[in-house]
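Asker: build me a model:
(one chain, ligands or ions: 2)
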Amino acid sequence: MTRIHLPPDEIRTLFSSAMSDMYRAEVPLYQDLLDLVADVNSDTLERDPALKASLQESGELDRLDVERHGAIRLGKAEELFTIRRLFAVMGMQPVGYYDLSVAGIPVHSTAFRPIGDEALRKNPFRVFTSLLRLDLVDDAQLRRDAEAILAKRDIFTPRVRALIDVCETHGGLTRTEAEEFVREALETFRWHKDSTVSAATYQRLHDAHRLIADVVSFKGPHINHLTPRTLDIDAVQAGMPKRGITPKAVIEGPPRRDCTILLRQTSFKALEEAIDFIDEDNASSTGTHSARFGEIEQRGVALTAKGRKLYDELLLSVRTAKAGDYNAELAQRFKALPDDWAELRRQGLAYFRYRATPAGIADAGRLLADVEALIAAGYLIAEPMIYEDFLPVSAAGIFQSNLGGDTQQNFTESANRDAFEEALGAAVSDELALYAASEQASLDAALAALGQVKS
Ligand code: OOG
Ligand code: NI
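Answerer: Numbering: from 1, shown residues only. Ligands and ions are numbered 1, 2, ... in the order given. Here you go, the predicted structure:
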């Protein structure tokens, strides 16, 4: 019998919507956040018909409502290896390497996400995935205990493991298999109220680092947030308190600008949730744990290596300035980065997607000197390419505001990409290379449609 496979893009959409439903049921405040974002997005589109038209044109508008990212934290190499295979079923690949040890968080991370233009347009669902680095923990006994606890758990159901094998053997899953896969995969991300350790062990792990307790004490890597995308994050930030949601103090990332760049993010603090411990004498006791929070993001244009270098420098200059008014200082410093699409493009600071216009196609064959001339003639349009990835400094800020208070610890910066990729069982893609390739492909196609002979 021939197998008819459901496209990975569709499996991803089934999964992200099932995940959203699960999180809605688990964390009711998430629904309030979705409502707020939906209101802000519809107000923004109403106020700005030009924005609406351009989002429609580029296919961005369709994906806006389904767009989410989430995050999980894994405990051991085998979990990262298998999660890569699980995400691959849904067309999600590891992109980028993020070292968070610099910021006092003992993890390194990647983002699983779709990579093709078409796949991103359909559903850009991403999962920021971190792996705990026990090698950064000084206390050898604690490290061994944590390893022993993690060694005993399997975060995947036997059935999801079997379905991953089926997918790898046959190159895809049928609809029935895919639906079962989604149900089974969800189990890995579910919240477990029961801790696998005693209250005393939890406390020891917690004292070493709250994140270690979060990763080691549970049956699985509960999804710790799901983030919708907004068109106006300042409006969401301002709107949160009115709905009884307390946002973190500042929005991470670049300041508000006419030409939005990269990624701006804010969140509400993690909830304090009741958990049950299994104690040594098998009696149970209760406690609380905070891990799960709410986050919102606004995405802008992807920057080139040159643009990104400038971004990093400007951001760092604000951090070290310790300004009283962070937002004003941030806006001031970022004046050094042009706030104009054409300038960002001409100076090679950002990535764009090119498209031939109907007028240009009608005149196909009329050769013009270069890209600038084609744009000036109205033959070619350059649209900002959306940044699909994450920012390490912002991610650290989000982690920290949710780990709470004064547990700030400093690990020496010690990126270890080789160890990460070895655990993953694959290399992570370079996000800048992906944007560059996509820009070049769009330009080649547009020039061909315009009958421009490449020199
Ligand atoms: C991940 C925090 C990072 C983001 O959007 O940058 C993140 C975590 O807390 O596990 O979600
Ligand atoms: Ni996030």
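Asker: OK, contacts around the residue of the stretch 301-450 of the chain found nearest ligand 2?
Answerer: As assessed by CB to the ion, ligand 2 sits closest to I398 within the stretch 301-450 of the chain, at 5.7 Å. (C-beta placed from N, C-alpha, C; glycine too.) I398 makes contacts with 248, 252, 265, 267, 295, as judged by CB atoms under 8 Å, 6 or more residues apart in numbering.
Asker: ok, the third one touching T227?
Answerer: Going back to what we said before, that points to Q265. Yes - applying CB atoms under 8 Å as the test, Q265 and T227 come out as touching, 7.5 Å apart.
Asker: spit out the residues that contact the two alike.
Answerer: Joint contacts of Q265 and T227 (CB under 8 Å, 6+ apart) are 295-297.
Asker: flag every residue of this structure that's near ligand 2.
Answerer: 227, 295 (CB under 5 Å from the ion).
Asker: name the residue most distant from the centre of the chain?
Answerer: Largest separation from the mean C-alpha position in the chain: R366, at 43.2 Å (CA atoms, centre = their mean).
Asker: so where's the chain uncertain?
Answerer: 321-323, 404-413, 454-455 (pLDDT under 70).
Asker: residues of it that sit close to ligand 1?
Answerer: Contact residues (CB under 6 Å from any ligand atom) of the chain with ligand 1: 71, 73, 128, 130, 224, 265, 295, 390, 394-395, 398-399, 402.
Asker: inside strands: which ones of the residues you listed?
Answerer: Cross-referencing the residues of the chain next to ligand 1 against strands under DSSP state E gives 71, 73, 128, 130, 265, 295.
Asker: with those in mind, which one is nearest to L303?
Answerer: Q265 (16.1 Å; CB to CB).
Asker: for the nearest residue to D117 once chain neighbours are set aside, give its distance to R144.
Answerer: Closest residue in space to D117, ignoring its immediate chain neighbours: S438 at 5.8 Å, by CB to CB, 6 or more residues apart in numbering. S438 sits 46 Å away from R144, taking CB to CB, to the nearest Å as the criterion.
Asker: equivalent analysis for S16, please.
Answerer: 38 Å.
Asker: what of C167?
Answerer: In terms of CB to CB, C167 sits 36 Å off from R144.
Asker: who has more neighbours, those two?
Answerer: C167 (22 against 11; other CB atoms under 10 Å).
Asker: hmm, who's touching the host helix or strand of that one?
Answerer: Using DSSP states H and E, C167 sits in helix 158-170. For helix 158-170, contacts defined as CB under 8 Å, 6+ apart pick out 3, 5, 82, 85-86, 88-89, 173, 177, 180-181, 184-185, 187-188.
Asker: what separates it from the chain centre, distance-wise?
Answerer: Put simply, helix 158-170 sits 26 Å off its chain's centre (CA atoms, centre = their mean, to the nearest Å).
Asker: show me what the very next helix or strand once past it is packed against.
Answerer: For helix 158-170, the following helix or strand on the C-terminal side (DSSP H and E) is helix 175-189. With contacts taken as 3 or more CB pairs under 8 Å, 6 or more residues apart in numbering; DSSP states H and E, helix 175-189 sits against helix 8-26, helix 77-89, helix 158-170.
Asker: let's see it at 6 Å
Answerer: helix 8-26, helix 158-170 (3 or more CB pairs under 6 Å, 6 or more residues apart in numbering; DSSP states H and E).
Asker: closest residue of the stretch 51-200 of the chain to ligand 2?
Answerer: Proximity of the stretch 51-200 of the chain to ligand 2 (CB to the ion) peaks at A71, 5.1 Å away.
Asker: burial of that residue, as a residue count?
Answerer: So A71, with other CB under 10 Å, has 23 neighbours.
Asker: likewise for A283?
Answerer: Counted with other CB under 10 Å, the neighbours of A283 add up to 9.
Asker: same question for D281.
Answerer: Every residue meeting other CB under 10 Å relative to D281 is counted, giving 7.
Asker: buried only: go through the residues of the chain next to ligand 1 for me.
Answerer: 71, 73, 128, 130, 224, 265, 295, 390, 394-395, 398-399, 402 (16 or more other CB atoms under 10 Å).
Asker: how about those residues in TSV, adding distance to T201?
Answerer: Below are these laid out as TSV (distance: CB to CB, whole Å):
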residue	distance to T201
A71	24
R73	18
F128	27
S130	22
N224	21
Q265	33
E295	29
F390	32
S394	32
A395	28
I398	27
F399	23
N402	22
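Asker: nearest to R353, of those?
Answerer: Of all these, R353 sits closest to F390, with 20.7 Å by CB to CB.
Asker: next up, the contacts around the closest one.
Answerer: 111, 128 (CB atoms under 6 Å, 6 or more residues apart in numbering).
Asker: need the strands for the stretch 101-250 of the chain, in chain order.
Answerer: Here the stretch 101-250 of the chain has its strands, by DSSP state E, counting those that start in this stretch, at 107-113, 126-132, 226-228.
Asker: helices or strands up against the last one?
Answerer: To tie it back to what came earlier, the one meant is strand 226-228. strand 68-74.
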